[in-house]
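**Q** please find the sequence and the predicted model below.
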Amino acid sequence: MTNKCDLSFQQKNLFQQGYQSYTPAELKQIQWGLRFTPAVCTLITIYALFTQSPILLFLVAFLGMWAFFFPAGHPMDLIYNHGVRKLFDAVALPPNPFQRRLACFAAGIMNTTAAVFFLLEMPVAAIVTGGMLVALQLIVIFTHFCTLSWMYEGLMRLLGRWSVPVEPEKAKALLSLDAMLVDVRGPDEFAAEHLYSATNLPLEKLDHCIDALKGKPILVYCASGTRSQIASQKLKQYGVDVYDLGSLTRAKDVLEEA
């Protein structure tokens with residue numbers, strides 16, 4: 001049985017794009033709408049390459065660069081929110097997180113480069129550059145996997161600036177202080193296997209449990225570490241003293257050593 005709290009492959013990719021504070025249900029609501037802007041921009045790029053129009057390439061480049069500076073101001077997002085979504089009774093798209101805006105800016109640079117190549121009468125170089133961008137955008141459209149977001153995460157991990165699970169020694173110290181152990185997976189997963197003394201509070205229900213979680217340290221875990229990171233970031237916004245244990249396997253190892 002698939003639990004409603006499970007993150008799909010595409011939702012995990014959105015998480016990597018910066019949508020880390022959204023629950024699986026919220027991601028499901030916006031994941032189709034988030035395809036609109038890259039799809040339209042890709043079509044413009046394809047047409048510009050076909051007609052060898054540097055003007056169109058400069059135009060679509062401007063859209064991406066504009067979006068970098070204005071999270072809620074991408075023209076295509078505005079068209080979707082104020083028009084297209086109403087045809088399908090869909091929810092409005094939220095402001096673009098940094099990783100997604102960074103990808104828009106990078107796409108703007110590639111479109112600008114292709115436009116300059118056309119102006120320099122180097123059509124092959126322009127088409128190759130634009131073709132690479134189109135290929136990357138098609139991957140985003142169909143899977144939500146963003147190469148630049150993936151590279152950004154790798155760089156942040158390398159620099160030690162990515163959100164990582166709590167250190168084992170810190171977790172042990174918190175457990176000795178009677179920290180509350182919270183399993184944020186779905187009830188079916190929890191029933192199949194869970195850690196002793198853990199309380200099951202599915203990710204989608206955390207918003208309704210804030211008061212009960214305040215005033216004590218909280219350790220959260222899930223199946224792979226993705227939902228626990230979402231949960232920890234969400235709870236921190238409410239001032240909860242929360243620590244991410246990561247995956248169930250890692251949580252088991254920490255508890256066995258505690």
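**A** Yep, that arrived. Numbering: from 1, shown residues only.
**Q** from here on, just use CA atoms for contacts and neighbour counts.
**A** Will do.
**Q** other residues contacting the helix or strand encompassing residue 231?
**A** In the assignment (DSSP states H and E), residue 231 maps to helix 226-237. With contacts defined as Cα atoms under 8 Å, 6 or more residues apart in numbering, helix 226-237 is touched by 7, 12, 20-23, 163, 165, 184-185, 203, 206, 210, 220-222, 241-247.
**Q** how far away is residue 97 from residue 50?
**A** Going from residue 97 to residue 50 by Cα to Cα, to the nearest Å gives 32 Å.
**Q** and the helices in this protein?
**A** 9-16, 24-30, 36-51, 54-69, 75-79, 85-88, 98-119, 123-143, 147-158, 168-176, 187-192, 210-213, 226-237, 248-257 (DSSP state H).
**Q** outline the domain layout of this protein.
**A** 32-158, 168-257 (automatic domain parsing).
**Q** where does the stretch 51-200 of the chain dip in pLDDT?
**A** Low-confidence segments of the stretch 51-200 of the chain (pLDDT under 70): 160-163.
**Q** circling back: neighbour-wise, which of residue 97 and residue 50 wins?
**A** The residue with more neighbours, out of residue 97 and residue 50, is residue 97; 15 against 10, by other Cα atoms under 10 Å.
**Q** quick one, what contacts the nearest residue to that one once chain neighbours are set aside?
**A** Leaving aside its sequence neighbours, residue 97 sits nearest to residue 18 (Cα to Cα, 6 or more residues apart in numbering; 5.3 Å). With contacts defined as Cα under 8 Å, 6+ apart, the neighbours of residue 18 are 97, 98, 99, 100.
**Q** would a markdown table of those with distance to residue 74 be doable?
**A** Shown next, in a markdown table, are the contacts of residue 18 (distance: Cα to Cα, whole Å):
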| residue | distance to residue 74 |
| --- | --- |
| 97 | 12 |
| 98 | 13 |
| 99 | 14 |
| 100 | 11 |
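**Q** filter those residues down to the buried ones, ChimeraX style.
**A** A single ChimeraX command selects the buried members of those (16 or more other Cα atoms under 10 Å):
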select :98,99,100
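**Q** closest one of the contacts of residue 18 to residue 253?
**A** residue 99 (32.3 Å; Cα to Cα).
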